[in-house]
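Colleague: Test case, fold it:
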Amino acid sequence: MVCNAQKEDVVGAIKIFLPLTRKGVRPNEFTLSSIINACAGPSATVEQGKQFHACSIKLRLNNTLCLSSALVTMYAKMGNIESANEVFKRQGERDLVSWNSMISGYAQHGQGNKVLEVFEELRLVDEGKRYFNMMVQDYHIDPTMGHYSCMVDLYSRAGKLEKAMNLINSMPCTADANVWRALLGACRVHRNLELGKLAAEKLISLQPQDSDAYVLLSNIYAAAGNWQERDKVRRLMNERKVKKQPGYSWIEVKNKTYTFLAGDVSHPLTNHIYSKLDELNNRLKDMGYQPDTDYVLHDVEEEHKAAFLYQHSERLAIAFGLIAKPPGSPIQILKNLRVCGDCHTVIKLISVIEARDIVVRDSNRYHHFKNGLCSCGDYW
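Modeller: I've put the predicted structure just below:
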């Protein structure tokens, strides 16, 4: 069961757990924490985690340290940061795992002020640098690769790419993939082609089969209109047999999960979904929205690029949610890849048009859209 949890295979973990309980084997806090960890995986649903939380309450194990920390992580990863905080507040004792679970949860949800309240660690450059220096100079703690990765991410998010690169060059150890990935993501946002190419080359040399580096570099070249270099990256992927994971989004409605691919027409309500998208598109245009076709990686005419964006999987999932869920109720979807910049803009506008709170969990973080704003501050 632990192996399945580590692989985020909730179905496999449940298949092991249920026969044991049917045989009268009483689970302890370690068994339940394993199954709850599995329920934090991307293929799990919120209801599955809630059911095992209820089981832990029934067995009076919910306040044990390892299980309550697992619950904090599970609720945070499933988009319910309020429930995560409620569990955290009820913990009778806390260890480093407990604090890290809550801090990571708030960070994932873009709630920097809450992070500061929990452990005085708001992601502002001056504050972050002060804490880093305090750790090294006052507490004589040797920074780990994780600390350096956080600092590189901190500088990168603020657009201080030169400082990020100086820190990498001054590190006493060789930067790992997480460091270069943080820098590469920032280069995509800030459109720094030269530094992005360097970061991508370093990341590819460390993880040659990871498609993320190739795709991010392709995005940078495409945004710069450099289709020749973009095609070189794609050819390199083909030569090395690196497969780009297809993008898909899913949404849970009435305890059933619905999955959408880009341009999907397999859903029974396809006509209604695309009709809703047409309605939204007209209202978006009335608000002055113009598609940002820099996010289309195909060298085609502008009108075709706009059509590609229109059919992205997250938009289909949200359109279905708007049809299938009661008016005014929040919508939560999950996506296996990063949400593109144009879809991010569109979802902010939809949150205004439909007066809905929309939560999107992509491969990088949670995005809470409300009243035309996103919790990520437009950086992800």
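Colleague: what residues are up against Glu82?
Modeller: Applying CB atoms under 8 Å, 6 or more residues apart in numbering to Glu82 gives no contacts. Yep, even glycine has a C-beta here, placed from its N, CA and C like the rest.
Colleague: now it: how far from Val72?
Modeller: Distance of Glu82 to Val72, computed by CB to CB, to the nearest Å: 12 Å.
Colleague: can you check Ala355 too?
Modeller: Distance of Ala355 to Val72, computed by CB to CB: 31 Å.
Colleague: out of those two, which sits in the busier spot?
Modeller: Val72 (30 against 11; other CB atoms under 10 Å).
Colleague: Okay, and the more buried one sits in which element?
Modeller: Using DSSP states H and E, Val72 sits in helix 65-77.
Colleague: can you give me the offset of that helix from its chain's centre?
Modeller: 18 Å (CA atoms, centre = their mean, to the nearest Å).
Colleague: Now do it: everything it contacts.
Modeller: Under CB under 8 Å, 6+ apart, the answer for helix 65-77 is 29-30, 32-33, 36-37, 39-40, 49, 53, 56, 61-62, 81, 83-84, 87-88, 90-91, 93-95, 97-98, 101-102, 104-106, 108-109, 361.
Colleague: Pull out the buried positions in the biggest helix by length in the chain.
Modeller: Longest helix in the chain by number of residues (criterion: DSSP state H): helix 270-286. The neighbour-count check on helix 270-286 (16 or more other CB atoms under 10 Å) flags 273-274, 276-277, 280-281, 284 as buried.
Colleague: List the residues that contact Asp357.
Modeller: 330-331, 351, 368-370.
Colleague: again, only using 10 Å
Modeller: 328-332, 351, 368-371 (CB atoms under 10 Å, 6 or more residues apart in numbering).
Colleague: can you tell me how far it sits from Val125?
Modeller: For Asp357, the distance to Val125 equals 30 Å [CB to CB].
Colleague: cool, and Trp180?
Modeller: 20 Å.
Colleague: Give me the more crowded residue out of these two.
Modeller: Trp180 (24 against 15).
Colleague: which element is the more buried one on?
Modeller: Using DSSP H and E, Trp180 falls within helix 177-190.
Colleague: between the helix or strand that that helix is followed by and helix 177-190, how big is the angle?
Modeller: Helices and strands here follow DSSP H and E; after helix 177-190, the next one along the chain is helix 193-206. If you take axes from the mean of the first three to the mean of the last three CA atoms, to 10 degrees, helix 193-206 sits at 150 degrees to helix 177-190.
Colleague: And helix 193-206, what's buried?
Modeller: Buried residues in helix 193-206, defined by neighbour count with 16+ other CB under 10 Å: 195-200, 202-204, 206.
Colleague: So which of the residues you listed is the closest to Asn226?
Modeller: Ranked by distance to Asn226 (CB to CB), those are led by Lys197 at 10.5 Å.
Colleague: What's the per-residue pLDDT of the closest one here?
Modeller: Per-residue confidence at Lys197 stands at 91 (pLDDT).
Colleague: So it sits against Arg188, correct?
Modeller: No - using CB atoms under 10 Å, Lys197 makes no contact with Arg188, being 11.6 Å away.
Colleague: before we move on, the earlier item: other SSEs contacting the helix holding Trp180?
Modeller: With contacts taken as 3 or more CB pairs under 10 Å, 6 or more residues apart in numbering; DSSP states H and E, helix 177-190 sits against helix 145-157, helix 161-170, helix 193-206, helix 211-223.
Colleague: Pipe those helices into JSON lines and attach distance to Pro19 per row.
Modeller: Shown next, in JSON lines, are those (distance: least, CB to CB, whole Å):
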{"stretch": "helix 145-157", "distance to Pro19": "38"}
{"stretch": "helix 161-170", "distance to Pro19": "50"}
{"stretch": "helix 193-206", "distance to Pro19": "42"}
{"stretch": "helix 211-223", "distance to Pro19": "37"}
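Colleague: one step back: joint contacts of Lys197 and Arg188?
Modeller: Common neighbours of Lys197 and Arg188, counting by CB under 10 Å, 6+ apart, are 217, 220.
Colleague: circling back: for the helices and strands packed on helix 177-190, which one sits closest to Val115?
Modeller: When those are compared for distance to Val115 using CB to CB, the nearest one is helix 145-157, at 12.0 Å.
Colleague: can you count the residues close to Asn80?
Modeller: 19.
Colleague: and it, how far is that from Val87?
Modeller: Separation of Asn80 from Val87 (CB to CB): 10 Å.
Colleague: In a strand, Phe260, correct?
Modeller: Yes - Phe260: assigned to a strand according to DSSP: H, G, I helix; E, B strand; the rest coil.
Colleague: Please consider this matter closed, and thank you.
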